[in-house]
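Enquirer: Quick one: sequence and predicted model below, then my questions.
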Amino acid sequence: MRLSRYFMPTLREAPADAQIVSHQLMLRAGLIRQEAAGIYAWLPLGLRVLKKIEQVVREEMDRAGAIEVLLPTLQLADLWRESGRYDDYGDEMLRIKDRHDRDLLYGPTAEEVITEIFRAYVKSYKDLPKNLYNIQWKFRDERRPRFGVMRGREFLMKDAYSFDIDEAAARRSYNRMFLAYLNIYARLGLKAIPVKADPGPIGGDLSHEFIILADTGESEVFAHGDLVEMGAPGPDIDWDGDLEPMVAQRARLYAASDEMHDAARFEAEVPPEKRMTARGIEVGHIFYFGEKYSKPMKALVTGPDGKDVPVHGGSYGVGVSRLVGGVIEASHDEAGIIWPDAVAPFGAAVVNLRPGAADVDAVAEQAYKALTAAGKEPLLDDRDDRPGAKFASLDLVGIPWQLIVGPKGVADGTVEIKRRATGERQTLPLDAALKAITG
Ligand code: 5CA
């Protein structure tokens, strides 16, 4: 992408109402624009990051055996009347009438829709387990939308739904998601801890939130320090094998958010030097709720004994758009965003310090082509601007590498590279510079 033809509207200052650093930086770097309270347009750079995060989530879901679908944003109120949640959900639900006076709603989650699909097709235990997921916009008419994409009204969620013959099988599905979630956050460069949680309006009796540590987080967490150190299991575990030991190893360590915290247990179970109290951001939430939806909605399957039983369900959410803010909270400095390579909107920027000078243009073009061919998705900064302004905007938007081409270097046969995360600079011949960036 040539920056002179691109749309990257950066701002010198963040609007005064942006309270936390990720919100400020998302506005300044031109990732999003607020269109209404809690409702954002995703500008080109923000969209690229959102898509990258979405893709990481997709790959880890697929790896863990979940199957992607795309559900509608608008749902029939009648389905929610069947489950009994239509009246319970309250003011957070955006209710809509169509021209036939039918009640619709903008989905805040999709347990009912997916249960309706499941019951239409799946009739036998032999077709289980199944786990269907979608990455789709949701709407919750939050009382206090704030912190930008962290608590929006319209937001992008990955929601997966598992179906199993009994509780033991459902537990295996739950475990797959539990570990897949740890892998997702690790790939995004985040430290996430699973915390026992209150199932709230989703219902059920087994639930974990995944919380990334950040001072600006809305949740307070109390946890055993080892949980932070333990990290993710990695992609190469046997997803069809017994995952219980890996989950139990983590779940047995004390971790609770404020509403579930038990100070006496915390002190009894965690030695003083391991007691961690921190603020964090909830970036995922998983639930096992058994027959809560299948029973009222009659999603029955025939078991091995020929009897029909309600299927056992779980649901698993990741806040995809919230994660854009979460990654920034975890990775920035005073100059701006520092994207981890895995989610950077562009892998590198080729900075042409003298656009229009034929020899400089030629080297910049050559670097740009080579990085494109290597799959680095480079940005070519061919803007007619002061070098200082170019560097400042590229630092602000957080491109992981800058490859700087100027007249002096071109005369000497060298370019300069700069790593955004460390600020480290090196002057090298072009080939060596390209090698350093492409690894
Ligand atoms: N049906 C279940 C799982 S699919 C569910 O809706 N769970 S949830 O309510 O916990 O939402 C899942 C994730 O979506 C949360 O962990 C959070 O990361 C994200 N999320 C929830 N509300 C918002 C919001 N208002 N703005 C941004 N992200 C949100």
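Expert: Great, that's in hand.
Enquirer: near the ligand, which residues of the stretch 1-150 of the chain?
Expert: Residues of the stretch 1-150 of the chain lying near the ligand by C-beta under 6 Å from any ligand atom: 109, 111, 140, 142. Any C-beta I mention is one placed from the backbone N, CA and C, and that applies to glycine too.
Enquirer: biggest separation within the residues you listed, which pair?
Expert: Pairwise distances across these (C-beta to C-beta) peak at 19.3 Å, for the pair 111 and 142.
Enquirer: Specify which residue of those two has the higher count of neighbours.
Expert: The neighbour comparison of residue 111 against residue 142 (other C-beta atoms under 10 Å) goes to residue 111, with 25 against 16.
Enquirer: Surely that one is in contact with residue 314?
Expert: No: between residue 111 and residue 314 there is no contact under C-beta atoms under 8 Å: 9.9 Å.
Enquirer: contacts for stretch 304-312?
Expert: Stretch 304-312 is contacted from outside by 118, 122, 125, 128, 163-167, 169-170, 288, 290-291, 294-295, 298-303, using C-beta atoms under 8 Å, 6 or more residues apart in numbering.
Enquirer: Just the buried ones out of the residues you listed, please.
Expert: Neighbour counting by 16 or more other C-beta atoms under 10 Å classes 118, 122, 125, 128, 163-165, 169-170, 288, 290-291, 294, 299-301 among the contacts of stretch 304-312 as buried.
Enquirer: Restricted to helices, list these.
Expert: 118, 169, 170 (DSSP state H).
Enquirer: Same list (those residues) but as CSV, adding distance to residue 100 and pLDDT.
Expert: Listed next are these as CSV, based on distance: C-beta to C-beta, whole Å; pLDDT from 0 to 100:
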residue, distance to residue 100, pLDDT
118, 27, 98
169, 41, 97
170, 38, 97
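Enquirer: Tell me the secondary structure at the residue of the stretch 1-150 of the chain found nearest the ligand.
Expert: Residue nearest to the ligand within the stretch 1-150 of the chain (C-beta to the nearest ligand atom): residue 109, separated by 3.7 Å. On the three-state scheme (DSSP: H, G, I helix; E, B strand; the rest coil), residue 109 is labelled coil.
Enquirer: Was I right to think it contacts residue 319?
Expert: No: with contacts counted by C-beta under 8 Å, residue 109 stays clear of residue 319, the gap being 11.9 Å.
Enquirer: Compare the two and say which one has the larger neighbour count.
Expert: Comparing residue 109 with residue 319 by other C-beta under 10 Å, the one with more neighbours is residue 319, at 25 against 19.
Enquirer: Tell me the secondary structure of residue 81, please.
Expert: helix.
Enquirer: confidence score at it?
Expert: pLDDT recorded at residue 81 is 98.
Enquirer: and if you look at residue 204?
Expert: For residue 204, pLDDT reads 67.
Enquirer: same deal with residue 16?
Expert: Looking at residue 16, its pLDDT is 88.
Enquirer: Now do it against residue 31, distance only.
Expert: According to C-beta to C-beta, to the nearest Å, residue 16 stands 18 Å off from residue 31.
Enquirer: ditto for residue 366
Expert: Taking C-beta to C-beta as the measure, residue 366 falls 30 Å from residue 31.
Enquirer: Then residue 141?
Expert: Using C-beta to C-beta, residue 141 is found at 24 Å from residue 31.
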